[in-house]
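# I'll drop the sequence and a predicted model, then ask my questions.
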Amino acid sequence: MADELARLEQLRTSSRDLVVYLEQVCEEFDMIQGENEKALRIMENWAAVFQTAKGVARIQLAPDGLSGSFRRDAASSSASTDG
């Protein structure tokens, strides 16, 4: 009986240690998840910036193929002159 009780105590202690370890791992995963969500928002913001920049202005090569000029798209320039 005493041997069985000792084994149960050991099992309870190891179970408690396992629960503590799993809680720590869960906290680390929550932190990683938060970092991933923040990185995703940053990437989405940059994608929107690039998409906006792509739609607003483009570099158009001059006929010589070497120099370039900066121009607005027709839709953007007409919208700015309408107002």
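Received the coordinates, thanks.

# how close does Glu44 get to Glu35?
Per CB to CB, to the nearest Å, Glu44 is found 15 Å from Glu35. The C-beta positions use only the backbone N, C-alpha and C, and glycine is treated the same way.

# apologies, that question was intended for Tyr21.
21 Å.

# what's the local residue count around Asp17?
Applying other CB atoms under 10 Å, we find 10 residues neighbouring Asp17.

# and it, that's in a helix?
Yes: going by DSSP: H, G, I helix; E, B strand; the rest coil, the assignment for Asp17 places it inside a helix.

# for Ala2, see how far away it is.
Distance from Asp17 to Ala2, by CB to CB: 23 Å.

# check which helices and strands the host helix or strand of Leu22 sits against.
Assigned by DSSP states H and E, Leu22 falls within helix 2-56. Here helix 2-56 touches helix 74-82, going by 3 or more CB pairs under 8 Å, 6 or more residues apart in numbering; DSSP states H and E.

# any idea of the mean pLDDT in the helix it packs on?
In this model, helix 74-82 has a mean pLDDT of 51.

# likewise for stretch 28-37?
What stretch 28-37 shows for mean pLDDT is 98.

# kindly export it (C-alpha atoms) in CSV.
C-alpha atoms of stretch 28-37 as CSV (Å, rounded to 0.1, in the frame of the first residue of the first chain):
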residue,chain,number,x,y,z
GLU,A,28,5.2,31.0,-25.9
PHE,A,29,2.9,29.9,-28.7
ASP,A,30,0.5,32.8,-27.8
MET,A,31,3.4,35.2,-28.0
ILE,A,32,4.5,33.8,-31.4
GLN,A,33,1.0,34.0,-32.6
GLY,A,34,0.8,37.6,-31.6
GLU,A,35,4.1,38.3,-33.5
ASN,A,36,2.8,36.5,-36.5
GLU,A,37,-0.4,38.5,-36.5
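
# where does Val49 land on pLDDT?
90.

# same question for the one 4 residues further on.
Reported pLDDT at Ala53 in the predicted model: 78.

# repeat for the one 3 residues further on
pLDDT for Val56: 63.

# same deal with Leu8?
Reported pLDDT for Leu8: 94.

# based on its surroundings, how many neighbours for it?
For Leu8, using other CB under 10 Å, the count is 10.
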